[in-house]
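Student: here is my input; please provide its structure:
(one chain, ligands or ions: 1)
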Amino acid sequence: MQIKIYKDYQALSATVADEIIELVKNKPDAVLCMASGSTPLLTCTLTVEKSVKNNIDFSRVTFIGLDEWVGVPPQNDGSCHWFFQNHLLQALKIPAAQIHLFDAMASNLNEECSKMDKIISEKGGIDLMIVGIGMNGHIGFNEPGISFDKRSHIINLDPMTLSIGKKYFNSPVALSKGITLGLQHLMESKKVILMANGNKKADVIRRTIEETVHTYFPASIMQMHLQSVIMIDEEAAFKLKDETK
Ligand code: F6R
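Tutor: This next block holds a predicted model:
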């Protein structure tokens with residue numbers, strides 16, 4: 001696990017956007033998986049800007065959405081689906097057939113999970129997974145206590161996720177479950193970047209890096225991946241011991 005610290009959110013986001021662009025330049029049919037949320041928002045904007053400026057062709061890329069709120073329709077602007085489509089996918093012009101987002105309205109959610117696992121496996125795995133971190137240490141919707149060997153699954157969301165999750169929605173929604181890629185997918189990805197910015201993430205970043213790996217703090221799994229990078233701004237790094245930095 002590598003740790004990279006950037007001056008601020010702008011510098012962090014620009015570097016992650018460059019990682020995406022480099023991946024696609026080197027492997028035009030790459031499989032890219034991303035989280036939605038506040039953290040990767042600027043990365044999405046900058047990826048779109050840089051891809052236009054440098055004429056990067058995303059037409060052969062496969063995109064995998066990390067997770068989704070069960071029962072929230074894709075037209076809801078708080079859904080992960082809406083986020084990906086409106087902040088990234090439409091602008092990058094990735095063909096619809098190569099975009100794989102969980103259908104959280106499906107009557108058979110287990111089938112959605114099997115479908116996603118099959119797609120990832122048929123594509124030869126994820127080349128680059130970009131994740132955020134929740135205030136309870138979750139990655140995607142892999143909540144505290146989840147086993148590390150799961151692939152896609154449905155999960156009862158942690159009270160903290162339910163409470164913080166309200167920030168994404170303009171009007172009240174009934175949230176209770178999530179559908180998510182599992183941590184086995186993370187371990188099987190060729191490279192994983194965990195991004196975090198701001199003071200409020202400093203403690204979870206410290207726990208991710210400095211505490212013992214444990215299912216009760218899912219992000220600690222990053223320590224076990226050989227090609228994992230924690231990319232954070234100075235604010236999110238401020239609780240790290242000097243020797244960790
Ligand atoms: C969202 C996701 C979540 C978020 C995490 C941090 O698709 O997978 O795990 O990455 O909750 O959210 P933000 O970035 O909004 O602080």
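Student: separation between the closest residue to F169 other than its chain neighbours and the ligand?
Tutor: Nearest residue to F169, sequence neighbours excluded (CB to CB, 6 or more residues apart in numbering): G78, at 3.6 Å. The way it works is simple: take the backbone N, C-alpha and C, and place the C-beta from them, glycine included. Going from G78 to the ligand by CB to the nearest ligand atom, to the nearest Å gives 11 Å.
Student: which SSE is G78 in?
Tutor: Per DSSP states H and E, G78 falls between elements, in no helix or strand.
Student: near the nearest residue to A196 once chain neighbours are set aside, how many residues? Count them for me, please.
Tutor: Spatial nearest neighbour of A196, chain neighbours left out: A236 (4.5 Å); criterion: CB to CB, 6+ apart. Neighbourhood size, A236 [other CB atoms under 10 Å]: 28.
Student: and the closest residue to the ligand within the chain, how far from D103?
Tutor: Closest approach between the chain and the ligand, counting by CB to the nearest ligand atom: G132, at 2.6 Å. From G132 across to D103, the span is 22 Å (CB to CB, to the nearest Å).
Student: what of L109?
Tutor: Separation of L109 from D103 (CB to CB) stands at 8 Å.
Student: quick one on the thing from earlier: neighbour-wise, which of G132 and D103 wins?
Tutor: Counting neighbours by other CB under 10 Å for G132 and for D103 shows that G132 has the greater number, 21 against 18.
Student: contacting residues for that one?
Tutor: G132 makes contact with A35, G37, S38, T39, P40, I139, L194, M195, A196 under the criterion CB atoms under 8 Å, 6 or more residues apart in numbering.
Student: can I get the buried part of these as one PyMOL selection?
Tutor: Buried residues within the contacts of G132, by 16 or more other CB atoms under 10 Å, are selected in PyMOL with:
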select buried, resi 35+37+39+40+139+194+195+196
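Student: so which of the contacts of G132 belong to helices?
Tutor: If you go by DSSP state H, those have nothing in helices.
Student: which of the contacts of G132 come close to the ligand?
Tutor: Of the residues in the contacts of G132, proximity to the ligand by CB under 6 Å from any ligand atom holds for A35, G37, S38, T39, I139.
Student: of these, closest to L92?
Tutor: A35 (16.6 Å; CB to CB).
Student: what sits against that closest one?
Tutor: Per CB under 8 Å, 6+ apart, neighbours of A35: L66, D67, C80, I130, V131, G132, I139, G140.
Student: what number of residues lie near the last one?
Tutor: Applying other CB under 10 Å, we find 29 residues neighbouring G140.
Student: repeat that for P28.
Tutor: 13.
Student: that one contacts R60, doesn't it?
Tutor: Yes: the criterion here is CB atoms under 8 Å, and P28 meets it with R60 at 4.7 Å.
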